[in-house]
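**Student:** have a look; sequence and predicted model below, questions after that.
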Amino acid sequence: MLWHHSSRPDVPLHLEGMGFLGVDMFFVLSGFLITTLLQRERDNTGGISLTDFYARRTIRIFPIYYLLLAALAVLYGVFKQGSPDAQDFFSDLPYFLTYTSNWVVEETGNQGILWSLATEEQFYILWPLIEKLLRPRWALGVLLGVIGVNQLINFGVTDPLTARWFGESFNDLSIMESTFTPIALGVLLAHMLHNRRAFGALYRWLAPGWTPLVLLAVFLVFLEFTPADISGWPRLVIQLWMAVLLASLVVRERHMLARPLSLSPLKRLGMISYGMYLYHMWCLHIVREGLSVAGIEGELRLWLFPVLGLLVTVAVSEASFRLVESPLLRLKKRFATGRRKVQT
């Protein structure tokens, strides 16, 4: 997302403007990881503790999110009191507080990205319940139903109906473009890899060490030649390809992308990535304003903006991780997956 929001506008590559698909890839990965953890917990303990799951997610997600909202409330309520920006923020605040901003048209500057976090939270609330209460066959039925409804949205079949019910602007929401399909595909992949027969079939196709690299290269070429409007078949193919690419990365530990993905800088970025997600729009805003105050324009600005934006975002996110997130994350050990063994 940082790339998408800070990339140069004059780069003659169509791929340069496709950074928004990072959200789809994250959704696939999130659906896969969360479901895999739930399945392992059930294997190790004989069940799924919803209390522990929600506690872990709360410790990870809530603290810096609500700290950011509190800081913005002070900014708009004290320093920009009565301004149009303040009115927009406090109008949107109930949706930010309840993780429902993906279903409304937000007006607050630099907060439009929070629709994806709201979508994640809704997934965290609902899917563990389904995994716990339903048998795998029934859970699979729910999953396929979600994908089916999402594809009706993706192909525009539901547009007239939703426009009539909720207004034309509803169809322009990001959640109506991305929908829940990538998360559902990640969940489906987790179930497939948890099944011995399905795992064997995927392994036979994806086991060669060069597979992830080839899949990634073909994927990037495909993105370069996709139309500007990717709704319909292009988006579905992209999301399916993401799931296959993820499968190729996890069916075996040793492959041609294993070493690059294990580099220390990338691993560290992964650790602070949640903070980078939350803070990057504000960090980019500060850099943009700073460059304007310094009178830096033209070609130099085009080069400095993404570089400084990345450095500032990493610095702020690293400080947040060390000072706030890391101490709190130690509490997650009390709610660790699989900490209670099955009594025999």
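**Tutor:** Done, it's in. Residues are numbered from 1 along each chain as shown.
**Student:** residue ranges with poor pLDDT in the stretch 1-150 of the chain?
**Tutor:** 1, 8-10, 12 (pLDDT under 70).
**Student:** could I get the full set of helices for it?
**Tutor:** Secondary structure of the stretch 1-150 of the chain by DSSP state H, counting those that start in this stretch: the helices cover 2-6, 21-45, 50-74, 84-97, 114-133, 136-154.
**Student:** any chance of these in JSON lines, plus mean neighbour count?
**Tutor:** (Each C-beta comes from the backbone N, C-alpha and C, glycine too.) Formatted as JSON lines, these follow (neighbours: other Cβ atoms under 10 Å):
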{"stretch": "helix 2-6", "mean neighbour count": "18"}
{"stretch": "helix 21-45", "mean neighbour count": "20"}
{"stretch": "helix 50-74", "mean neighbour count": "16"}
{"stretch": "helix 84-97", "mean neighbour count": "16"}
{"stretch": "helix 114-133", "mean neighbour count": "19"}
{"stretch": "helix 136-154", "mean neighbour count": "16"}
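**Student:** closest one to residue 225 among these?
**Tutor:** Checking the helices of the stretch 1-150 of the chain against residue 225 by Cβ to Cβ gives helix 21-45 as the closest, at 14.2 Å.
**Student:** got the angle for the closest one vs helix 114-133?
**Tutor:** Angle of helix 21-45 versus helix 114-133, following axes from the mean of the first three to the mean of the last three Cα atoms, to 10 degrees, is 20 degrees.
**Student:** tell me the buried residues in stretch 287-304?
**Tutor:** 287, 291 (16 or more other Cβ atoms under 10 Å).
**Student:** right, and the helices of the stretch 1-150 of the chain - which one's nearest residue 300?
**Tutor:** Nearest of the helices of the stretch 1-150 of the chain (Cβ to Cβ): helix 2-6, 15.0 Å.
**Student:** which strands and helices lie in contact with that closest one?
**Tutor:** Contact analysis of helix 2-6 by 3 or more Cβ pairs under 8 Å, 6 or more residues apart in numbering; DSSP states H and E lists helix 273-293, helix 298-320 as its packing neighbours.
**Student:** so can I have JSON lines of the ones you listed showing distance to residue 333?
**Tutor:** Formatted as JSON lines, the helices and strands packed on helix 2-6 follow (distance: least, Cβ to Cβ, whole Å):
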{"stretch": "helix 273-293", "distance to residue 333": "18"}
{"stretch": "helix 298-320", "distance to residue 333": "20"}
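**Student:** how about the helices in the stretch 151-300 of the chain?
**Tutor:** Using DSSP H, counting those that start in this stretch, helices in the stretch 151-300 of the chain cover 159-166, 174-178, 181-194, 196-206, 211-224, 233-250, 258-261, 264-271, 273-293, 298-320.
**Student:** quick one, which of these is nearest to residue 114?
**Tutor:** Residue 114 lies closest to helix 273-293 among the helices of the stretch 151-300 of the chain, at 8.4 Å (Cβ to Cβ).
**Student:** and the angle from the closest one to helix 264-271?
**Tutor:** Using the same axes, to 10 degrees: helix 273-293 against helix 264-271 is 100 degrees.
**Student:** how far off centre is helix 273-293?
**Tutor:** Helix 273-293 sits 19 Å away from the centroid of its parent chain (Cα atoms, centre = their mean, to the nearest Å).
**Student:** who's in contact with that helix?
**Tutor:** Outside helix 273-293, the residues that touch it by Cβ atoms under 8 Å, 6 or more residues apart in numbering are 1-2, 5-6, 60-61, 64-65, 68, 109-113, 117, 269, 297, 301, 304-305, 308-309, 312-314, 316-318, 320-321, 325.
**Student:** quick one, what contacts residue 19?
**Tutor:** 1, 3-5, 7 are the contacts of residue 19 under Cβ under 8 Å, 6+ apart.
**Student:** ok, the residue lying closest to residue 52 once chain neighbours are set aside - contacts?
**Tutor:** Excluding the flanking residues, the one nearest residue 52 by Cβ to Cβ, 6 or more residues apart in numbering is residue 335, at 4.0 Å. Residues near residue 335 by Cβ under 8 Å, 6+ apart: 49, 51-53, 55-56, 59.
**Student:** Provide the contact partners of stretch 61-80 at residue level.
**Tutor:** Applying Cβ under 8 Å, 6+ apart, the contact partners of stretch 61-80 are 83, 85-86, 89-90, 93, 96-97, 111, 117, 121, 274-275, 278-279, 320, 324-325, 328.
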